[in-house]
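3D model of this:
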Amino acid sequence: MSDRVLTWFVEGIDRDGTTQGPTFTLDQDYGLPGRVNLQAGQAPDADDVIIDIKDDGVSIFTRQPRLKKGHTSDWWEEFNFALSKMEKDSLVSLDVVQSGGVKRLTVELELDKDE
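Modelled structure (predicted):
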């Protein structure tokens, strides 16, 4: 079980390549994320959904997560291991690089305390 889960919910995405939802400020140091979960109320019908989560403006991924066209859920565990931890007071944001026509997108980032 994760120590903290950051959750973004985006009803509809009006433009690709933009930051969506809130930007979170971390309350303490966390290690590398455990997992990212993607859920769609309506599956993307035009193309795959591609997201990016940034920690102080730097991607936390080696490859950006995708939710395949026609699918409503997936998860991702390929993180940028050059990033050793996510530090207290850093800003964490969600970018939707490509929306693919998705509706009601939920993105969850699972974090564990840095021990």
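
so what's residue 39 up against?
Applying CB atoms under 8 Å, 6 or more residues apart in numbering to residue 39 gives the contacts 72, 73, 105, 106, 107, 108. In this view, the C-beta of every residue, glycine as well, is placed from N, C-alpha and C.

quick one: the strands in this protein?
Secondary structure of the chain (DSSP state E): strands located at 4-12, 18-25, 35-42, 49-55, 58-59, 66-67, 73-76, 91-98, 103-111.

and these as TSV, adding distance to residue 84 and mean pLDDT?
Shown next, in TSV, are the strands of the chain (distance: least, CB to CB, whole Å; pLDDT from 0 to 100):
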stretch	distance to residue 84	mean pLDDT
strand 4-12	18	95
strand 18-25	19	93
strand 35-42	18	96
strand 49-55	11	96
strand 58-59	12	93
strand 66-67	25	96
strand 73-76	19	96
strand 91-98	16	96
strand 103-111	14	97
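
Please verify my assumption that residue 51 contacts residue 96.
Yes - using CB atoms under 8 Å, residue 51 is in contact with residue 96, at 5.7 Å.

re earlier: Serialize the strands of the chain to CSV and add fields for distance to residue 82.
Listed next are the strands of the chain as CSV, based on distance: least, CB to CB, whole Å:
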stretch, distance to residue 82
strand 4-12, 21
strand 18-25, 21
strand 35-42, 17
strand 49-55, 12
strand 58-59, 9
strand 66-67, 21
strand 73-76, 17
strand 91-98, 17
strand 103-111, 18
